[in-house]
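> Here you go, sequence then predicted model.
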Amino acid sequence: MRGLLVGLGLLACLGCRTEIIPVVKKIPPPPKVFTAPSECEVRDYPNATDLPKDSKNLGWVEVERAATDEETYLALRKKICEQGGDALSQLSWVTNPGEREPSILRANAWSLP
């Protein structure tokens, strides 16, 4: 009788098994950013390590601060497009010595494969 109860207990444990299926989160690429009517699109990557393999570095690109931050970002993206690039990374503001406000927007330009 005791063996029968142990057998039924084991059968009940095996019958009530819960299986958790892992969810794989897909990370979409950064959104394309419209820059100008010239149809040049520049993708913004936070770090250089986030860029696709075989991306070509075009070097640092800097622009002077414009009237608004939006105009400054557009000028930077336009300059990257003029150099044949379509991505940027490590976007940062640069403050010159003796100034209180940043006066230059700087980013690393890239050409994607």
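Arrived safely. Numbering: from 1, shown residues only.
> residue boundaries of the helices in the protein?
Secondary structure of the chain (DSSP state H): helices located at 2-15, 69-82.
> What helices and strands are in contact with the last one?
In this case it means helix 69-82. strand 41-45, strand 56-64, strand 87-94, strand 104-111 (3 or more C-beta pairs under 8 Å, 6 or more residues apart in numbering; DSSP states H and E). (Glycine included, C-beta is placed from N, CA and C.)
> Just put those in a markdown table and tack on mean pLDDT.
Listed next are the helices and strands packed on helix 69-82 as a markdown table, based on pLDDT from 0 to 100:
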| stretch | mean pLDDT |
| --- | --- |
| strand 41-45 | 88 |
| strand 56-64 | 92 |
| strand 87-94 | 90 |
| strand 104-111 | 91 |
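> Show me the one of these that comes nearest R77.
Proximity to R77 (C-beta to C-beta) singles out strand 41-45 among the helices and strands packed on helix 69-82, at 4.4 Å.
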